[in-house]
Structure formats: C-alpha cells, structure tokens
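Visitor: coords please:
(chains A, B and C)
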Amino acid sequence: MFKIASIIINNSAKEMDREFDYIIPDELEELIRSGMRVIVPFGSSNKYTEGYVMKIKQGTELTHYKLKKIIDVADKDVILTEELIELAYFIKNKYYCTMWDAIQTIVPAGISLKENIYIKLKAPLSIKIPDKYNEILSCIDDKKYVDISVIEKNFNKKLKRSIIFNMEREGIIELKRKMDQKVKEKTLDIYVPLEVEKCNEFIQNPPPRYRKQAEILKQIIDNKDEHTITELCRKYKCTPGVIKGLEGKGLLVKIKKEIYREPVKDEHVYPKVELTLDQKKALTAIIEGYKNGINTFLLHGVTGCGKTEIYLNLVEKFLKHGYGAIVLVPEIALTPQTVERFKGRFGEVVAVLHSRLSNGERFDEWRKIKSGEVKVVVGARSAVFAPVNNLKLIIIDEEHEYSYKSEMTPKYHTREIAEFRIKQNQGLLILGSATPSFESYYNAKSGAYGLVEITRRVDNKNLPEVRIVDMREELKAGNRSIFSVELFDSIKENLNRGHQTILFLNRRGYSTFVSCRACGYVSKCPHCDVSLTYHSSNNKLICHYCGFESKMHQVCPNCESKYIKYFGTGTERIESEIKKYFPNARVLRMDMDTTRKKGEHERIYNEFKNNNADILVGTQMISKGMDFKNVTLVGILAADMILNLPDFRSSERTFQLITQVSGRAGRGDKAGRVIVQTYDPEHYSIIYASKHDYVNFYNREIQIRKMLNHPPFTDILYVLLTSPKEDELIKACMELKDEFRYLYGRKDIEILGPVPNHISKIKNNYRWHIIFKGEIHKYYEIINETASKKLAGTSINFSFDVNPYSMI
DNA sequence: AGCACGCCGACT
DNA sequence: GTCGGCGTGCTC
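Guide: Predicted coordinates:
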C-alpha cells in the first residue's frame, strides 16, 4: 500500500477548492509531513504546481492509475504547523473562502512558487518536423535550454502552451521545469580560510612579496572572521587585491552565508518605569483572572492612562516563563514610537511586521519568528498569524480599530483570529481600548470576557475639555469660512502662547468635487461612480477609488463657462487657509498624499514632536497612537461627516473618532482643549463623546442595535456582486433574488436586497449587494451553491464578507 | 483557473 | 481534407 498525501493545490478558483491525493514516493517518505509545501504535477499538462500537504493517510478511495507522485518537497521544514493548519480550517469555515486563500493569509507574501519552463530541441531527430512548428524552431536549438517566457514574448501572446506540450509529446523537443520563489534567502559572499593547515604553512613561511597577505590571513584566522570582501578591506585597511590574492592561492574560499534583512536599524533603550497604582491594579486583576481560567480581558482605559506600560509588563512576565507573545497595533499607530518601546525594552527578541516592509524583509522576520530566535512580535493586522513558538499571549491595542478587519478575501477580523489562537494554546488575550467595539464591550458585560477598567489618566491629568460648535449658527451669523469663530480664535491664541495645535479632517485633497456654476456639471471619474477630488498641489482631479487623474480644466468641459466652484473641504484646503490667515505659523500636513514616500511618515511625526511646527493638519492617520506633549488644542472640523452615511455603525464610528482625536490634546503637563465643529450638535454620539462618557453612549446605542437586530445581536453575510456588464449583473441579481424566495419569512434569516451599492461602480465594475442577517452559518452552503451555479460562466464575480465593517 | 477535447464552419 | 473558433468538462 502506498502512503498518500492529500494536498491543497495553488489555485484560488472556487472549483479547485478541494484536496487532491498524491503518492508519496519512497525516497520522500521520511521527509514529508503534513503542513509541508511540496511540488506536484498537475492537470493534463502535468504543470509543476506547489501545494500544501494537509493529511498523510494509508490509502485512498481513488483507483491507482489516476494517482500521480509528489515530485519534491519545496522547503526543508514544515511551513504550517499543526496549529496553523487548524487555523487555516478555521479561517475557511468562518469567512467562507477557499483553503488556498486561507493558507495564503497565514504564510508570508512572496513565498509562493511559480513554474518556469525551459525548452531545447531534441537531437538527433529521427522524425520529420511538420512545417507549422518552423517559427518556434527558429527560436531554439539543441545546445542549451531557453526560457519559454522569452520565446512567448517574441510571439506576442500568440503562442499557446498546448503547442509546446504537443511538440514534447511528439518527441521534437525536451522540456525542463523549474520552480522559482519570488523572495529568496539573502546571502552574502564571505571569505573564510577552509584548509587551516595549508594556511598555517603559508603564514609560517610566506614568500617575501606576500608578507602583507600572510599577516592579514593570520588575523582572519585568529579573529575567526566571517566577513565580505569590503568588510575585510575596511577592517584590515588593505585593498581588495590582497584578499583576491589569498583567494587565488586557495587560502581563502568564497562561500555564501545566509543573512537576515534588518528593517529596524536604530537602537533604543526604553527603561522600565514604575507602574501607577491604577496600572498595578489592572495588571494584578488580569494575572489573577488568568490564573482562575479567564482567557480574554477587555482593558477599558481612558486615552492617556498608560496601557502600553501594562502591555510591556505582561509581555515581560510571559517572556520570563519562556512563552511567546504577539502585540498588535493598528497600522497607522505603528509609529516608530511603539516599535521603540518594545525594541527598547526587550531588544533582539522583538520582530516587527507592518505593511511597509518589503517582501524580503517580511520573509526574514517571519523566519526569525519561526525559528524561535524571536519571541515577541509587534505588528499590524497580519502579524496575528505570526508563527510564534509557544504562543501564550496576544495583545490587541485599540481593539475597536477598523484596520483590524481585512479588506481582502478572506475578510477576517484580527480579534476573532486571536481568540481562536489563544483558545488553541490556552493563552491570554488582552483587548485594549478607550472606546471598545460593541462586540467586545457586550462580551465583557455579559461575562464572556473579563473586564478591567481604568478611569483616570496617568498622574490624574484631566481629560481635555470638549466644546461643540454648531456650524449652522456660524452660517446664520454670516461666517462662511471653514473655521468657526471659536476655533479661529483658539488657534490664534494657541499660536501666541507657543503651543501646538492639531486640526483633524477625515478627507484628503483640496475639495471633494468641482462643479460648474453655469450648468451644474460635476467632474466625475470615467471608471467609477464618484466625483473627482481636486488636488491643489499638482492642480489635478483625482479619483480616490481607482487613482484616475486628469488635469484640472480651466473652463467647464460641458458649457465652457469660466465659473467653476470648489465644493467640500479636504486637508489641502485647510492647510492653505491656515497659511492664508496665519502666514507666520509653521504648518505640517499628514495624509496619504504627504506620506506616500517611505520614511515621510516618520519625518513629519518627528518634525512635529520636536516642535518644528505649530500646526499639524491631518486625516485618520493622526488620530491615534501619537504622543505629543505640547499639543493643547485639537480642532475636529467636520465631526458629522461619517454620521450621515447609511451604515448602522456610523454613530459608533463618530463617537470613536471624536474620542480618539480628542485624546491627542493635553498629554503633557498643560491642559488640553478640543473644539468639535458639527452641523448636528444634538446627536447623542457627539454629546456623549464630548463628555467622555463611553458607558452611557454604549447603553443608548446598544438598545438601537438590539431593536434593529444588528451586530452584536446577529451575524451578517454581505454578498458583493460585481461585473463590467451592468445589464447582465442586474438580470442575474433579480434572478438570484427569485431563487432565494423560499428563505423569505423564515425567523432565523432575513434577506435584504439585492440593491446597487452606495458606490455603484468602481474601476469599471458595477456593484450590487445582497445582505443576509441571522443564522448565516446554517444557510451558507445553500447560498454559496445557488450563487455559484447561477453565476458560473458569467462575467459576474461574487465575494463574501462576514460581519462587514461598512455596509455601504 | 488552465488545458484538452470535440464539434462546427471557412478555406486550400 | 484541415485549421481554428469556442462550448464543455476535468484536474489526484
């Protein structure tokens, strides 16, 4: 009986989402284990394909003539440990994605293997070659293998792979297949003395002209050096010729040494500080609770209460016991400051993972974690999958943050992944926030999580005073500018006092749309259903969804009128208004546009921190994690911008935003002040946020959630359907609705739609959605099957999002 | 998703 | 008789 491996093949297609059985050849039997990556022949052309071994079994139901053999292992070691295989199954079943996609979210990007085919003419040829092959034959010979992709380029896509495979079958050519990986282990060429005896002989008795070489060789041996040629030259102050000379005599040998790429170069020290009484109490409550079997805690602490110190202490405690830990922070809060603290406290055992790493850097951090060299991982969303050995602690800071929900398939939530991993390992999960998500606070209140609250800031500093300004009144009083009188005066005063100010607006660009006063024409993106945003820095109209750019028109493209009006305000406009009214103020702007280049984020952050600017204008990016001691004024320019979106989370988001941005004020020893500009000053989310009253906000909003049956009281399955063909999409949506008819009227599931999306077209793809509310896991199979059958072979694509963060 | 097979119309 | 278009079905 053969040993059989069931394998998940590299293919994201829904139809391919199953395990394939392969024979494990004798020579690989010792080596292959589940979780290992292998190379197998696949399909009629036996294309070299990568796959992951899920299970190893004794036999198979399949008849043996159908089975093929595994060609080779792709790596020396297992990629997916048992723990991570279980996690992959969890992701697949929870977020309704393919197993391949689940695995790809766990492993680092860039390790997937691609087949490269090389081709050579067979010689000697006994058969006559048909004329149709002449063109291909002119590109190859019988001497050496040629890369098939090079030939394909010459043919301009006209060459079909099947022709090549036919030629192979007919015995005209030979093919060689190789698998290549995008990211490779980085190596350096280092020079080492291999034959010590021969070297010693040379050192004892050097010919006079090689005295220098002998001298250096002796030092290399004495110091057990492992250096590159440049390093050796610098160290021993010699020319490369000396080293090359030693190499030429066979005394030094050039070998490849594997190294890690180092994403964080600066070294910091972050000394241990004495915890405050509140922090100590919280820490004790967590440790005691954990000992008593509570695995998840919600740490609800006001902004500025020093949660990071608690995290550091927890990590330290777990490290002492030899356990590993993952600390997650929102992408935008992964400032150098957070990294500094952990690297400064724990040094070499900390790995950092974030979206700005190159694939190579990420791959190396991942290898360090996997090998156990690193025990603490600090990172954004995807770091929750880090293969930490002996993982016992996961901390999610700012757990309510939206960036914890992935936007790509599978649309996982970091918190749910962390919960699963902690359950697997019987570890401890800490969720920290000043404004917990409704899901977490609900769980804490109902006893599913432990709840630890800190209501005071470090050193009893007061929370900033929050003033609400009614912009309707401003308008009535004749103030048409983007600043209310109160905010304007406060900025002025703050400048005079030499304090810093943060102005927050959740929208980049200069103005959200431009319109012609004469005919009302609005410039829209030709590929998306959105208006174009005007950017003054390069005088362009830009689509924020697909990146389409066009030059700003001088006259209306429709009626040629010269009167063009700019509507809606963005951060660029604020920056220019500030410069207009306060010409002496030093202004910095931080948004997607100013931080596109690597290092710009850090640069602006440091400029402002070092008091090289008076005012910082920014989007979301500046709302969290940043600790500026000299900021005493925060202006929120349009607090109700998200309030009016047709989404059940808009109140929660507004509350969180105001609270988080307000938290930037008064972190030093000076009192802070926040001015919130809004057209809806009576809205409860704005009022409670201004009073720093999370609990009462929660109590009010949770009732609405319950009444309308929204999360956390139910689950939502959001099905997005997209197609470049609008009529085909609409027709299919209507027919689907009809097929789901039998689900109507059921108590445990509710169907909404199909309806066109809030943004009905992005990148030339029309968008509709259907929402299922209720016991979605019971109906998923049937929903998926119905949609797959209906939409197979059409231009329509569909994807699932479980409990989406936004339903618009 | 690819790729092969097969059936049909256009053309030497 | 044969080349190539695309509809259909399979991949261990």
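
Visitor: I'd guessed residue A:300 sits against residue A:454; true?
Guide: Yes. At 7.3 Å, residue A:300 and residue A:454 qualify as touching, with contact defined as CB atoms under 8 Å. For the C-beta atoms, the positions are set from N, CA and C on the backbone; glycine is no exception.

Visitor: between these two, who's got more neighbours?
Guide: residue A:300 (25 against 21; other CB atoms under 10 Å).

Visitor: Name the nearest residue to that one, ignoring sequence neighbours.
Guide: Sequence neighbours aside, residue A:453 is the residue nearest to residue A:300 in space, at 4.7 Å (criterion: CB to CB, 6 or more residues apart in numbering).

Visitor: Also residue A:760?
Guide: residue A:529 (4.5 Å).

Visitor: isn't there a helix covering that neighbour?
Guide: No. The assignment for residue A:529, made by DSSP: H, G, I helix; E, B strand; the rest coil, is coil rather than a helix.

Visitor: what pLDDT does it get?
Guide: For residue A:529, the model assigns a pLDDT of 82.

Visitor: measure it to DNA strand C for me?
Guide: 29 Å (CB to the nearest atom of the strand, to the nearest Å).

Visitor: how many other residues sit next to that residue?
Guide: Residue A:529 has 16 nearby residues by other CB under 10 Å.

Visitor: quick one, what contacts it?
Guide: A:759, A:760, A:761, A:762 (CB atoms under 8 Å, 6 or more residues apart in numbering).

Visitor: Just say helix, strand or coil for the first one.
Guide: Right, the one you point to is residue A:759. Going by three-state DSSP: residue A:759 is strand.

Visitor: before we move on, the earlier item: let me see the mean pLDDT of whichever helix or strand the residue nearest to residue A:300 is part of.
Guide: Using DSSP states H and E, residue A:453 maps to strand A:450-454. The average pLDDT for strand A:450-454 rounds to 94.

Visitor: Alpha carbons of the next helix or strand after that strand, as PDB, please.
Guide: As assigned by DSSP H and E, the chain's next helix or strand after strand A:450-454 is strand A:465-470. The C-alpha trace of strand A:465-470 is given here as PDB (Å, rounded to 0.1, in the frame of the first residue of the first chain):
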ATOM      1  CA  GLU A 465     -12.400  70.000  27.800                       C
ATOM      2  CA  VAL A 466     -14.500  69.400  24.600                       C
ATOM      3  CA  ARG A 467     -16.500  72.300  23.100                       C
ATOM      4  CA  ILE A 468     -19.200  71.600  20.500                       C
ATOM      5  CA  VAL A 469     -19.700  74.300  17.900                       C
ATOM      6  CA  ASP A 470     -22.900  74.400  15.900                       C
END
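
Visitor: For the residue of the stretch 301-450 of chain A at minimum distance from DNA strand C, give me the pLDDT.
Guide: Minimum separation of the stretch 301-450 of chain A from DNA strand C (CB to the nearest atom of the strand) falls at residue A:409, amounting to 19.6 Å. On pLDDT, residue A:409 comes in at 89.

Visitor: wait, isn't it in contact with residue A:799?
Guide: Yes. Using CB under 8 Å, residue A:409 is in contact with residue A:799, at 5.7 Å.

Visitor: give me the number of residues near the residue of the stretch 551-700 of chain A found nearest DNA strand B?
Guide: Nearest to DNA strand B, among the residues of the stretch 551-700 of chain A, is residue A:647, at 31.0 Å (CB to the nearest atom of the strand). Neighbours of residue A:647 under the rule other CB under 10 Å: 17.

Visitor: Equivalent analysis for residue A:708, please.
Guide: 11.

Visitor: ok, it - contacts?
Guide: Neighbours of residue A:708 in contact, by CB under 8 Å, 6+ apart: residue A:648.

Visitor: Could I get the full set of helices for the stretch 451-600 of chain A?
Guide: A:471-476, A:485-497, A:571-581, A:600-609 (DSSP state H, counting those that start in this stretch).

Visitor: Measure how the third one sits relative to helix A:485-497, angle-wise.
Guide: Spelled out, that is helix A:571-581. Calculated by axes from the mean of the first three to the mean of the last three CA atoms, to 10 degrees, helix A:571-581 forms an angle of 60 degrees with helix A:485-497.

Visitor: May I see the buried residues of helix A:571-581?
Guide: Residues of helix A:571-581 classed as buried by neighbour count (16 or more other CB atoms under 10 Å): A:571, A:572, A:573, A:574, A:575, A:576, A:577, A:578.

Visitor: Adding distance to residue A:95 and pLDDT, write these out as TSV.
Guide: TSV is the format used below for the buried residues of helix A:571-581 (distance: CB to CB, whole Å; pLDDT from 0 to 100):
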residue	distance to residue A:95	pLDDT
A:571	34	88
A:572	37	87
A:573	39	87
A:574	39	86
A:575	40	88
A:576	44	87
A:577	44	86
A:578	44	86
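
Visitor: Would you mind giving these as JSON lines with distance to residue A:748 added?
Guide: Formatted as JSON lines, the buried residues of helix A:571-581 follow (distance: CB to CB, whole Å):
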{"residue": "A:571", "distance to residue A:748": "46"}
{"residue": "A:572", "distance to residue A:748": "49"}
{"residue": "A:573", "distance to residue A:748": "49"}
{"residue": "A:574", "distance to residue A:748": "49"}
{"residue": "A:575", "distance to residue A:748": "52"}
{"residue": "A:576", "distance to residue A:748": "55"}
{"residue": "A:577", "distance to residue A:748": "54"}
{"residue": "A:578", "distance to residue A:748": "55"}
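
Visitor: so residue A:212 touches residue A:238, yeah?
Guide: Yes. At 6.8 Å, residue A:212 counts as touching residue A:238 under the criterion of CB under 8 Å.

Visitor: Model confidence score at residue A:296, please.
Guide: 97.

Visitor: same check, this time on residue A:74
Guide: Residue A:74 is given a pLDDT of 94.

Visitor: again, but for residue A:642
Guide: Per the predicted model, pLDDT is 81 at residue A:642.

Visitor: so it, which of the three states?
Guide: Applying three-state DSSP: residue A:642 is coil.

Visitor: residues near it, how many?
Guide: 19.

Visitor: Overlap of the contact sets of residue A:300 and residue A:454?
Guide: Common neighbours of residue A:300 and residue A:454 (CB under 8 Å, 6+ apart) do not exist.

Visitor: Spit out the contact partners of residue A:117.
Guide: Residue A:117 neighbours (CB under 8 Å, 6+ apart): A:147, A:148, A:149, A:164, A:175, A:176, A:177, A:178.

Visitor: again with residue A:646
Guide: Residue A:646 neighbours (CB under 8 Å, 6+ apart): A:758, A:807, A:808.

Visitor: and the host helix or strand of residue A:288, how far out from the chain's middle?
Guide: Residue A:288 belongs to helix A:277-291 when elements are defined using DSSP H and E. Centroid separation for helix A:277-291 versus its chain: 32 Å, with CA atoms, centre = their mean, to the nearest Å.

Visitor: Name the residues of that helix that come out as buried.
Guide: For helix A:277-291, by 16+ other CB under 10 Å, it's A:278, A:279, A:282, A:283, A:285, A:286, A:289, A:290.

Visitor: ok, and what's touching it?
Guide: So helix A:277-291 is contacted by A:275, A:297, A:299, A:301, A:305-306, A:309-310, A:313-314, A:317, A:428, A:430, A:450, A:452, A:454, A:456 (CB under 8 Å, 6+ apart).
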